[in-house]
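Asker: Predicted model, plus sequence, below.
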Amino acid sequence: MYRAVQSTTPTVSLDTVYRTLWLLTDLGLLTTLGPRQGSMRFDANVESHHHYVCTRCGLVRDFNSDDLDALKIPDTVRQFGQVASARVEIRGICDRCLKERLESQPTHAHQPPRSEKRSQS
């Protein structure tokens, strides 16, 4: 985000970008996603939805699910305080990363190991 803003406004500071993001969050125009490798992620989709997060490349995809929307908030969570919203974050490895992983493996890795002794006839 910072680099995109900086490309059009070279004098902008990182602090200004983050203060703006937090202001937009306070105004309800953005939401935050859980921390990723020590950095904060912002989400412009403020409608009720859930997330798929690739643990390898950090890709985040929004999705809707009536089943997940209908999950009951456990009473133990309600004991912490008032619940404003609930979102499910599903973590995994995206198709692109899986494909890259398979392509980077040597072809012999997919073959069963050969017996060290050959049968003698």
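Answerer: Alright, I've got the coordinates.

Asker: so where is this protein shaky, pLDDT-wise?
Answerer: For the chain, the stretches with pLDDT under 70 are 33-39, 107-121.

Asker: quick check, distance from the lengthiest helix in it to the centre of its chain.
Answerer: When the chain is parsed with DSSP state H, its longest helix is helix 14-26. Put simply, helix 14-26 sits 20 Å off its chain's centre (C-alpha atoms, centre = their mean, to the nearest Å).

Asker: in this protein, which spans are helices?
Answerer: 2-8, 14-26, 66-69, 75-78, 95-104.

Asker: can I see the domain layout of the chain?
Answerer: Residue ranges for the domains of the chain, per automatic domain parsing: 1-46, 48-103.

Asker: centre of the chain versus the last one, how much separation?
Answerer: Between the mean C-alpha location of domain 48-103 and the chain-wide mean there is a distance of 8 Å, by C-alpha atoms, centre = their mean.

Asker: and the gap between Asn45 and His51?
Answerer: Counting by C-beta to C-beta, to the nearest Å, the separation of Asn45 from His51 is 10 Å. (C-beta placed from N, C-alpha, C; glycine too.)
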